[in-house]
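>>> based on what follows, work out the 3D shape:
(one chain, ligands or ions: 2)
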Amino acid sequence: MNKFSSIDKLPQELLEQLDNLGFNKPTEVQSEAIEPIMQGRDVLVQSKTGSGKTLGFGIPAILQAVNSSEPTSLIIAPTRELVQQIAKELSRVASYINNFKIVTLYGGVPLRKQADSLALGANIIIGTPGRIIDHLSKETLKLESIRTVVLDEADKMLNMGFYDDIIKIVSNARKIEQRVLFSATYPNSVEMLAKKLLQNPLIIKVDTEIESLKIDEIFYKTNSKYQTLQKILATKKPKSVLIFANTKQAVINLADDLNRDGHSVIDLHGDLTQEQRDEALIAFANGSKRILVATDVASRGLDIKDIELVINFDTPQDEETYTHRVGRTGRADAVGEAITLLSDKELNKCSYILNKAREVNESNLENKNTKPLTSNFTTLCINGGKKQKIRAGDILGTLCKDIGIDNNHIGKIDIKPTKSYIALNSKIVKQVAKALKSAKIKKRKFVAWVL
Ligand code: ADP
Ligand code: MG
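Ligands and ions are numbered 1, 2, ... in the order given. Take a look at the predicted model:
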């Protein structure tokens, strides 16, 4: 099956919408999973990161929700970032439906605000286990209308210790008729959870061999990792690179070192506020930072697009983590590369890497011209966003027409609820910031600062 239209019961408007969004054909997991999920049975899906799982459960959830005035699907995902990402993907697809409401529940924002949104009604609810439990215990969330519970990234949720919370939530949803579990890997813990929750599930394991050809996995043996890293960056000059380290402190140290050596770099770890994390991702995605250094927890499940290169500076704790990290590159149609740096000490702990990846000798790397990775872009932030009804077109209008900036100097624009982020050629960013002291956007003045 290689067309969305060959999936039974997808309405014409949805098919057109998918086409508009550039989803020309379903991924393998989508063509396997959507029909049985729509038929209402319990389904367990294992397929690798980047294979399109979100719409695999998202399309059935949207179609189920259309016919109900109350929320019928509850989607549970491990982290705030992942919840937001699922919500974004589903709201893009559901935008052809009037007043479709997705409510997201995660920590770090007041319960009150989320409770107010819930009270206004929702079509789909997406949340992290902890925050869903908070709302259940305050009775600001009731699961009476929920018929389908989706567990996304079940393996990660179990790694993060959410087993009890998940069981508690599912047993709270008494009217539940269907349980759907998605996971990139299938360790014993997921098997146990599946046995406990799912009833006579259809098991879908998508063949990942063709997919994995898109990622070139290699490793270098090195006892001076930082130097090897410098050489890799100088040789490959990736447009974007995601580097993993194992602890917050290791991330901070590595980012500091790279920064000191002139690289365009930003870090992502659990000690940052949520706003700082969002901003790190925005700056990386819009190209004003070329290198993102992250811990596993902070980057879990994120769909950061077009990453050319993933580097395991610290070796992952286990094979699952390795699979997740490597899955950050080579997404959709792009080919990616994943490099692991292995010290003598780590060699015997990582036989799975030695088996899967091929060894490359460091002598193939650039030794002299270790020019840092820099970016031509800088992110300018303004204190107005969706709440102020700002759209990208309004910003472009002010920048191009009123301030006289060449369109080519303007990169990606991200509009968030109360702030907007504009990637600008670094040469003009000060000029724009200054001009915005008097120039107006949508007839209003905003404060602008460089991120
Ligand atoms: P997973 O959850 O399996 O890691 P995602 O659902 O996050 O994967 O999808 C990975 C990327 O592929 C996303 O950018 C998504 O928009 C894109 N994608 C999903 N379905 C399709 C499709 N049918 N055609 C093209 N791209 C798709
Ligand atoms: Mg996913």
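>>> for residue 266, list each beta-bridge partner.
With DSSP bridges as the criterion, residue 266 is bridged to residue 292.
>>> hang on, residue 203 in a strand?
Yes: the assignment for residue 203 is a strand, going by DSSP: H, G, I helix; E, B strand; the rest coil.
>>> now do the contacts for the nearest residue to residue 439 once chain neighbours are set aside.
Nearest non-adjacent residue to residue 439, counting by CB to CB, 6 or more residues apart in numbering: residue 402, 4.9 Å away. For the C-beta atoms, the positions are set from N, CA and C on the backbone; glycine is no exception. The contact partners of residue 402, by CB atoms under 8 Å, 6 or more residues apart in numbering, come to 435, 439-440.
>>> just the buried ones among those residues, please.
If you count burial by 16 or more other CB atoms under 10 Å, the buried members of those come out as 435, 439.
>>> got the residues of this structure near ligand 1?
Neighbours of ligand 1 within the chain, by CB under 6 Å from any ligand atom: 23, 26-27, 30, 49-55, 89, 303, 331-332.
>>> which of the residues you listed sits closest to residue 178?
Relative to residue 178, the closest of those is residue 53; by CB to CB it sits at 16.6 Å.
>>> the closest one: what's it in contact with?
The contact partners of residue 53, by CB under 8 Å, 6+ apart, come to 29, 45, 47, 152, 182.
>>> run the last query once more with 6 Å
By CB atoms under 6 Å, 6 or more residues apart in numbering, the residues touching residue 53 are 29, 182.
>>> what pLDDT does it get?
Note for residue 53: predicted pLDDT of 94.
>>> how about the one 10 residues further on?
At residue 63 the predicted local distance difference test score is 97.
>>> what about it, which SS state?
With three-state DSSP as the criterion, residue 63 reads helix.
>>> I'd like to know how many residues surround it.
18 (other CB atoms under 10 Å).
>>> mind picking out the helix or strand in the protein with the poorest mean pLDDT?
When the helices and strands of the chain are scored by mean pLDDT, DSSP states H and E, helix 209-212 comes last with a mean of 42.
>>> tell me the strands beside the helix or strand just after it, with direction?
Using DSSP states H and E, the helix or strand that follows helix 209-212 towards the C-terminus is strand 215-221. Strand 215-221 has the following sheet partners, assigned by DSSP bridges: strand 336-342 (parallel), strand 358-359 (parallel).
>>> excluding chain neighbours, what is closest to residue 449?
Distance criterion CB to CB, 6+ apart; nearest residue to residue 449, sequence neighbours excluded, is residue 381 at 5.6 Å.
>>> residue contacts, the one you found?
Each residue near residue 381 by CB under 6 Å, 6+ apart is listed here: 419, 421, 449, 451.
>>> try residue 131
Shown in contact with residue 131 (CB under 6 Å, 6+ apart): 105-107.
>>> which of these sits closest to residue 376?
The closest of the contacts of residue 131, once distances to residue 376 are taken by CB to CB, is residue 106, at 34.2 Å.
>>> read off the pLDDT value for that closest one.
97.
>>> what about the residue nearest to it when sequence neighbours are not counted, how many neighbours?
Excluding the flanking residues, the one nearest residue 106 by CB to CB, 6+ apart is residue 80, at 3.9 Å. Using other CB under 10 Å, residue 80 has 21 neighbouring residues.
>>> show the pLDDT at residue 80.
At residue 80, the pLDDT value in this model is 93.
>>> then residue 331?
55.
>>> below-threshold pLDDT in the chain: ranges please.
For the chain, applying pLDDT under 70 flags the ranges 1, 207-213, 301-306, 330-334.
>>> report back the residue of it that's furthest from centre.
For the chain, the largest distance from the centre (CA atoms, centre = their mean) belongs to residue 438, which lies 36.7 Å off.
>>> any idea how far that residue lies from ligand 1?
Residue 438 sits 39 Å away from ligand 1, going by CB to the nearest ligand atom, to the nearest Å.
>>> and what of residue 291?
Using CB to the nearest ligand atom, residue 291 is found at 21 Å from ligand 1.
>>> just the closest residue of the stretch 351-451 of the chain to ligand 1, please.
residue 412 (15.2 Å; CB to the nearest ligand atom).
>>> hmm, that residue is touching residue 287, no?
No: applying CB atoms under 6 Å as the test, residue 412 and residue 287 come out as separate, 7.1 Å apart.
>>> give me the more crowded residue out of those two.
residue 287 (18 against 15).
>>> how about the closest residue to the more buried one other than its chain neighbours, what does it touch?
Spatial nearest neighbour of residue 287, excluding adjacent residues (CB to CB, 6+ apart): residue 377 at 5.2 Å. Contact analysis of residue 377 by CB under 6 Å, 6+ apart lists 287-288, 411, 423.
>>> again, only this time at 8 Å
Residue 377 neighbours (CB under 8 Å, 6+ apart): 286-288, 411, 423-426.
>>> in PyMOL, how would I select the buried members of these?
Selecting the buried subset of those in PyMOL, with 16+ other CB under 10 Å as the burial test, is done by:
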select buried, resi 286+287+288+411+423+424+425+426
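>>> among the contacts of residue 377, which ones are in strands?
Mapping those onto strands (DSSP state E) picks out 411, 423-425.
>>> from these, which single one is nearest residue 70?
For the ones in strands among the contacts of residue 377, the minimum distance to residue 70 (CB to CB) is 40.6 Å, reached by residue 423.
>>> that older thread, bridged to the residue nearest to residue 449, which residues?
Beta-bridge pairing of residue 381 under DSSP bridges involves residue 421, residue 449.
>>> returning to what we had before: who touches both of residue 412 and residue 287?
In contact with both residue 412 and residue 287: residue 423, using CB under 8 Å, 6+ apart.
>>> mind listing the helices for the stretch 101-250 of the chain?
In the stretch 101-250 of the chain, the helices defined using DSSP state H, counting those that start in this stretch lie at 111-119, 129-137, 154-159, 163-172, 188-197, 209-212, 225-236, 248-260.
>>> what about residue 126, neighbour count?
Counted with other CB under 10 Å, residues neighbouring residue 126 total 27.
>>> do residue 195 as well
Residue 195 has 9 neighbours, counted by other CB under 10 Å.
>>> wouldn't residue 241 be in contact with residue 310 here?
Yes: in this structure residue 241 lies within contact range of residue 310 using CB atoms under 8 Å: 7.4 Å.
>>> so what's the nearest residue to residue 384 once chain neighbours are set aside up against?
Leaving aside its chain neighbours, residue 384 sits nearest to residue 446 (4.6 Å; criterion: CB to CB, 6+ apart). Counting by CB under 8 Å, 6+ apart, residue 446 touches 382-384, 388, 436.
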